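*Asks:* generate a structure from the sequence data that follows.
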Amino acid sequence: MALPTTLPAPILPRLVGGPRLRWGVLAPGFIAGLFAGTLHRNTDQRIVAVASRSAARAEAFATLHDIPSHVDDYRRLVEDPHVDIVYIAAPHSEHARLAILALDAGKHVLVEKPIASSAAEAREIAQVAGRSGRFAMEAMHTRFHPRITVIDQLLEDGALGALALVQAELGLGGASVDPRGRLLNPELGGGAALDLGVYPLWFHDFVLGSPSRVQVSGTRAITGVEDQWNATLHHADGSLGLVSATMRTWTPSHAAIGGAHGRIHLDSRHPQPGGFTLYDRDNRPVHRFDDDSGIVGAQGLCRQAAWAAQHIADRLTESPLHPLSTSIRVLETVDAVRDGLRSPDLAEAQR
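*Replies:* Residues are numbered from 1 along each chain as shown. Reported below is the predicted structural model:
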């Protein structure tokens, strides 16, 4: 089987001129600031309200991002009739509680990744969303970048032939120096599995789906959470996933897919927008994809919001690109990784 003669075109949302929503933000921290900045810069979606447990923090965020309303009570925001959808950017441990609060108030939700601290919590969100009839989606921005939409079409067409191996890793240095920070706080869902590992584990799932067996090894930080780990993800058809995440050092953060007819290698920092190269079975480069949208780095957070607005306008309660079942499935694998790393000898974790 020959590789395609051309690459498919990316599938992109309308950043401007499409359906528009009035957004509320719960928990205006660092990630919320990135989201608000790119939303207002690159789309015509608008944040109309922000809520924090700190009145001063809510006011400062509102002033910085030109948001007309700010409150110091989450319930007041989700009950605001001028808000259509709530973006939840609290620590992982609060995602499920706040998502359910917003859904029960009749609001659509976009919940920062991971959508919850466990698969059980993610299932609860899905149940409440189904009961409420409101749209709910995890803010897995990676899924909506141009290169992923192109790779998705290549995989759908079977361009690589039978898939054998997925490799994905992510490293963010410096987190381990502050044991008091959110990333290492076990009460806030800290650790290299939920915060960083969800990205390469999502990529593995995107290509190969759910594994039948998970083997892990790793190390723990002073707070007891995992700060570095490797996982081998086994599948019944013999394909493998090799996934790792570390908070102890920067890494190239590459991802790759290997098949019988060729391979795809994603450029560094694979969770963000970027390019990839398609190689043939003799390891010769055949096609190169470069993201020429001008949206780089954290600016890519804007696309997930534009897709959410389109899906809601289409009267959908889930994204066909990133449904809640995917978020639950990935968290099942995250749970397996974390369970394996809790065992005294870091023994094999079986699901």
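*Asks:* which residues touch stretch 285-293?
*Replies:* Residues external to stretch 285-293 that are found in contact with it (C-beta atoms under 8 Å, 6 or more residues apart in numbering): 3-4, 6-7, 12, 145-147, 150, 262, 273-280. Yep, even glycine has a C-beta here, placed from its N, CA and C like the rest.
*Asks:* got a quick ChimeraX command for the buried subset of these?
*Replies:* The buried residues among these can be selected in ChimeraX (16 or more other C-beta atoms under 10 Å) with this line:
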select :3,7,145,146,147,150,262,273,274,275,276,277,278,279
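*Asks:* how is this protein carved up into domains?
*Replies:* The chain breaks down into these structural domains: 22-142, 143-342 (assignment by automatic domain parsing).
*Asks:* export those domains to JSON lines and tack on distance to residue 16?
*Replies:* Below are those laid out as JSON lines (distance: least, C-beta to C-beta, whole Å):
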{"stretch": "domain 22-142", "distance to residue 16": "5"}
{"stretch": "domain 143-342", "distance to residue 16": "9"}
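*Asks:* any chance of these in CSV, with mean pLDDT too?
*Replies:* Shown next, in CSV, are the domains of the chain (pLDDT from 0 to 100):
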stretch, mean pLDDT
domain 22-142, 98
domain 143-342, 95
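*Asks:* ok, the residue nearest to the spatial centre of the chain to residue 148 distance?
*Replies:* Nearest residue to the geometric centre of the chain (C-alpha atoms, centre = their mean): residue 140, 2.5 Å. With distances taken as C-beta to C-beta, to the nearest Å, residue 140 is found 10 Å from residue 148.
*Asks:* could I get the full set of strands for the stretch 1-150 of the chain?
*Replies:* Assigned by DSSP state E, counting those that start in this stretch, the stretch 1-150 of the chain shows strands spanning 22-26, 46-51, 69-71, 85-88, 108-112, 136-139.
*Asks:* now, of these, which is deepest in the fold?
*Replies:* strand 136-139 (a mean of 28; mean count of other C-beta atoms under 10 Å).
*Asks:* contacts for it next, please.
*Replies:* With contact meaning C-beta under 8 Å, 6+ apart, strand 136-139 is reached by 35, 87, 99, 103, 108-115, 125-126, 129, 301, 304, 308, 311, 317-319, 322, 324, 326-327.
*Asks:* then stretch 116-124?
*Replies:* Against stretch 116-124 from outside (C-beta under 8 Å, 6+ apart): 92-93, 95-96, 99-100, 114-115, 125, 189, 194, 324, 327-329, 331-332, 334-335.
*Asks:* 7 Å instead?
*Replies:* Residues outside stretch 116-124 that contact it (C-beta atoms under 7 Å, 6 or more residues apart in numbering) are 92-93, 95-96, 100, 115, 125, 189, 194, 327-328, 331-332, 335.
*Asks:* give me the buried positions along it.
*Replies:* By neighbour count on 16+ other C-beta under 10 Å, the buried set for stretch 116-124 is 116, 117, 118, 119, 121, 122, 123, 124.
*Asks:* how far off strand 46-51 does the helix or strand encompassing residue 302 point, in degrees?
*Replies:* Here residue 302 sits within helix 302-313, counting by DSSP states H and E. Interaxial angle of helix 302-313 relative to strand 46-51 (axes from the mean of the first three to the mean of the last three C-alpha atoms, to 10 degrees): 100 degrees.
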